[in-house]
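Asker: no sequence on this one, just coordinates:
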């Protein structure tokens, strides 16, 4: 039994080493795409082509994982196992090549990169379970087989999820915008709870007086009227910033996204700004906790990023929008700026 298993063990080792090397490459921040062959240089694959190749190779891996799960049912079929592993060496090699062609920048490229990483990590765990199953004595064969099936299910699940990869850069950005909207909603809810914590905090002081004098968590100290007012005004400022991101999300919705907002350079610019929006929400919420000493800096960041994003939308409309779109967006941004200035004035007056 042991000698017959050697070819399979060797193939598992080759596959595992390939996965390890590829994962290390994909995780390097300064990674460069692989060089194309002379034939490919004349007609390099598009990012859409790479995406489709990656998905096809992942589906092929999932299929062979199923075959291995069947081959390792007692009595183990060594010939079937070895044949399937040989197929996987070829398929994984194609996946690795496709992944190495990915550009370093771009939201879609990064999502494909993450998907390949997640898939290879799940596949590596499956390879480990193959080795454990082959080496398991009869007393632990069932446990090894159960682990093999669990790791196979993980591969199937990851590959199924990968089929939802965005088809283009716009779709990838919209997924990011949707995530940021969710994060901002969480921040806004946290800020709302802060503003409502005054009475609860006061009651808590009465109940717990003397029990924990060192407890200075937010909510254990009642808010002053000024602090409460700042929270209300800052909540409105962040909600207005969220409206900008939501504007992008709704105006690019299928089936007819506004051409003004689909240009690659516009998407690249908004990506940076929206990423900053997602970071500053937590910063603003933290700055609102008493004594609110860092609130001014956090608010200035919100105002700065919001205005940059508004100008980015404005410029996109001016350059690529129809007259109807220009009119609608100009009016919308005018109302938005008026509400922002009102909220800022309220905050400054406190």
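Answerer: Noted; the coordinates are in hand. Predicted model only: the values in this text are computed from it and were never measured.
Asker: correct me, but residue 166 touches residue 176?
Answerer: No - taking contacts as C-beta atoms under 8 Å, residue 166 lies outside contact range of residue 176: 9.5 Å. Glycine gets a C-beta too; all of them are placed from N, C-alpha and C.
Asker: which regions of the protein lie under the pLDDT threshold?
Answerer: Residues of the chain meeting the criterion pLDDT under 70: 1-6, 34-43, 198-221.
Asker: Looking at residue 166 and residue 176, which is more packed in?
Answerer: Legend: neighbour count by other C-beta atoms under 10 Å for residue 166 and residue 176, higher for residue 176 (21 against 17).
Asker: tell me the SS of residue 102?
Answerer: coil (DSSP: H, G, I helix; E, B strand; the rest coil).
Asker: Could you name every residue contacting both of residue 166 and residue 176?
Answerer: residue 107 (C-beta atoms under 8 Å, 6 or more residues apart in numbering).
Asker: For residue 223, grab phi and psi.
Answerer: Main-chain torsions, residue 223, degrees, to the nearest 10: phi -80, psi 150.
Asker: can you check residue 28 too?
Answerer: The phi/psi pair for residue 28 (degrees, to the nearest 10) is phi -70, psi 130.
Asker: for the one 4 residues further on, same thing?
Answerer: The phi and psi values for residue 32, taken as degrees, to the nearest 10, are phi -110, psi 150.
Asker: for it, what are its contacts?
Answerer: Residue 32 neighbours (C-beta under 8 Å, 6+ apart): residue 104.
Asker: Residue 116 now?
Answerer: Residue 116 neighbours (C-beta under 8 Å, 6+ apart): 22, 26, 54, 95, 99.
Asker: One more: residue 25?
Answerer: So, once contact is read as C-beta under 8 Å, 6+ apart, residue 25 ends up touching 31, 100.
Asker: circling back to that earlier point, of the contacts of residue 116, closest to residue 276?
Answerer: Of all these, residue 276 sits closest to residue 26, with 25.5 Å by C-beta to C-beta.
Asker: what's near enough to touch that closest one?
Answerer: Applying C-beta under 8 Å, 6+ apart, the residues contacting residue 26 are 99, 102, 113, 116, 117.
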